[in-house]
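Enquirer: What shape does this take:
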Amino acid sequence: MNGTNVTAGSGGKVPPLFDHVRDYFSLKGISIDEAEIFYYHFESMDWESENGTPFSNWKTLADDWIWNLLN
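Expert: Numbering: from 1, shown residues only. Prediction:
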């Protein structure tokens, strides 16, 4: 390890870094490809709902995305 704090910024703050999304999906057993689809979907929406309300926690979105993917 190079001394970098690997958890810094990995909370729910929006917008997340793609690396944090990738790591979160990986921890959940979901592919990096799916993490990219999720990330760029919400990136294209500027991390806002359809009515323009900013999302406050990307992990909540990710959990819903993963749940829908698996069910």
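Enquirer: The residue lying closest to Ser10 once chain neighbours are set aside: how many residues sit nearby?
Expert: Distance criterion C-beta to C-beta, 6 or more residues apart in numbering; nearest residue to Ser10, sequence neighbours excluded, is His20 at 4.5 Å. Where you see a C-beta, it was placed from the backbone N, CA and C, and this is true even at glycine. Here the number of neighbours of His20 (other C-beta atoms under 10 Å) works out to 23.
Enquirer: Also Glu50?
Expert: As a burial measure, Glu50 scores 6 neighbours (other C-beta under 10 Å).
Enquirer: Quick check, pLDDT for it.
Expert: pLDDT recorded at Glu50 is 93.
Enquirer: Could you look up the SS state of it?
Expert: At Glu50, secondary structure determined by DSSP: H, G, I helix; E, B strand; the rest coil is coil.
Enquirer: any idea how far Pro15 lies from His41?
Expert: Here Pro15 is placed at a distance of 12 Å from His41 (C-beta to C-beta, to the nearest Å).
Enquirer: So for the two, which sits in the more crowded spot?
Expert: Ranked by neighbour count (other C-beta under 10 Å), Pro15 and His41 place Pro15 first, with 15 against 11.
Enquirer: Can you tell me the centre-most residue of this structure?
Expert: In the chain, the centroid-proximal residue (C-alpha atoms, centre = their mean) is Val21; its distance is 3.9 Å.
Enquirer: That residue and Phe38 touch, don't they?
Expert: Yes: counting by C-beta atoms under 8 Å, Val21 touches Phe38, with 6.6 Å between them.
Enquirer: got any residues that touch both of those two?
Expert: Listed as contacting both Val21 and Phe38 by C-beta atoms under 8 Å, 6 or more residues apart in numbering are Ala62.
Enquirer: what's the spacing between stretch 51-71 and its chain's center?
Expert: 8 Å (C-alpha atoms, centre = their mean, to the nearest Å).
Enquirer: Where does the nearest residue to Ala62 once chain neighbours are set aside sit, in terms of helix or strand?
Expert: Leaving aside its sequence neighbours, Ala62 sits nearest to Tyr24 (C-beta to C-beta, 6+ apart; 5.9 Å). If you go by DSSP states H and E, Tyr24 is part of helix 18-27.
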